[in-house]
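[1] what follows is a protein structure lacking sequence information:
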Ligand SMILES: Nc1ncnc2c1ncn2[C@@H]1O[C@H](COP(=O)(O)OP(=O)(O)OP(=O)(O)O)[C@@H](O)[C@H]1O
Ligand SMILES: [Mg+2]
């Protein structure tokens, strides 16, 4: 079972969108996947409620202090992949999620206000024993080259960056209203292609 934690120290950078988006891609690829929501705002859990209890992936809400127990139950149930979604700014939850993970995903918007939080994430990764981590450039304006400038800056900080960029597209947020992801909401759309490529890449490095 792979445990992938989605962490950043910036609110609204796309953590929940990445966590549920990749979980649904895994399900579409025939895997058994679940989302563990550590965010007291319960954005992923509420998304799961809108989706419907019987529609995979299962979404479980829990406090960081209960994470080990919840993962132990998941391990006994033969899951292929767990995505852990974390709150916008909680070092405690982020550290618990990073410690539990085989791989950490860090969504960042290509903007200085997001990029400058990466040094903080580096410290959390170091505190939690430095698991492998990949930055995902998220909510990038489709026009211009901010994503390429951001990629260079993030690489210079020593992070790996996923080749797939998630651009700013209405399908990502419209889909969440329905408890769906962009791949389900607009299967032929660009956001759907981005999620599929991102999943393939992440699956290849786990
Ligand atoms: N690529 C994208 N394009 C357009 N909108 C997006 C994209 N990714 C996320 N959003 C929207 O941006 C908002 C914040 O995204 P999301 O909830 O995934 O971020 P978050 O990091 O989980 O936030 P929080 O820190 O509050 O938990 C949501 O309304 C979401 O639908
Ligand atoms: Mg969130």
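    Now that the structure is in, tell me what you want to look at. Keep in mind that what you see is a predicted model, and the values were worked out from it rather than measured. Ligands and ions are numbered 1, 2, ... in the order given.
[2] helices or strands up against the longest helix anywhere in the chain?
    Looking across the chain with DSSP state H, the single longest helix is helix 190-205. If contacts are counted by 3 or more CB pairs under 8 Å, 6 or more residues apart in numbering; DSSP states H and E, helix 190-205 sits against helix 15-28, strand 103-108, strand 132-140, strand 166-167, helix 170-177, helix 182-185. Where C-beta positions appear, they are placed from N, C-alpha and C, glycine not excepted.
[3] could those be laid out in TSV, adding mean pLDDT and distance to residue 121?
    Formatted as TSV, the helices and strands packed on helix 190-205 follow (pLDDT from 0 to 100; distance: least, CB to CB, whole Å):
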stretch	mean pLDDT	distance to residue 121
helix 15-28	98	12
strand 103-108	98	6
strand 132-140	98	8
strand 166-167	98	18
helix 170-177	98	22
helix 182-185	98	25
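[4] please convert these to TSV, extending it with mean neighbour count and distance to residue 118.
    Below are those laid out as TSV (neighbours: other CB atoms under 10 Å; distance: least, CB to CB, whole Å):
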stretch	mean neighbour count	distance to residue 118
helix 15-28	26	14
strand 103-108	25	7
strand 132-140	21	7
strand 166-167	22	17
helix 170-177	18	22
helix 182-185	22	25
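[5] re the thing from before, mean confidence for the longest helix of the chain?
    Mean per-residue pLDDT for helix 190-205: 98.
[6] before we move on, what SS does residue 36 have?
    With DSSP: H, G, I helix; E, B strand; the rest coil as the basis, residue 36 sits in strand.
[7] quick one on the thing from earlier: export the helices and strands packed on helix 190-205 to CSV and tack on distance to residue 206?
    Converted to CSV, the helices and strands packed on helix 190-205 look like this (distance: least, CB to CB, whole Å):
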stretch, distance to residue 206
helix 15-28, 11
strand 103-108, 6
strand 132-140, 9
strand 166-167, 19
helix 170-177, 23
helix 182-185, 19
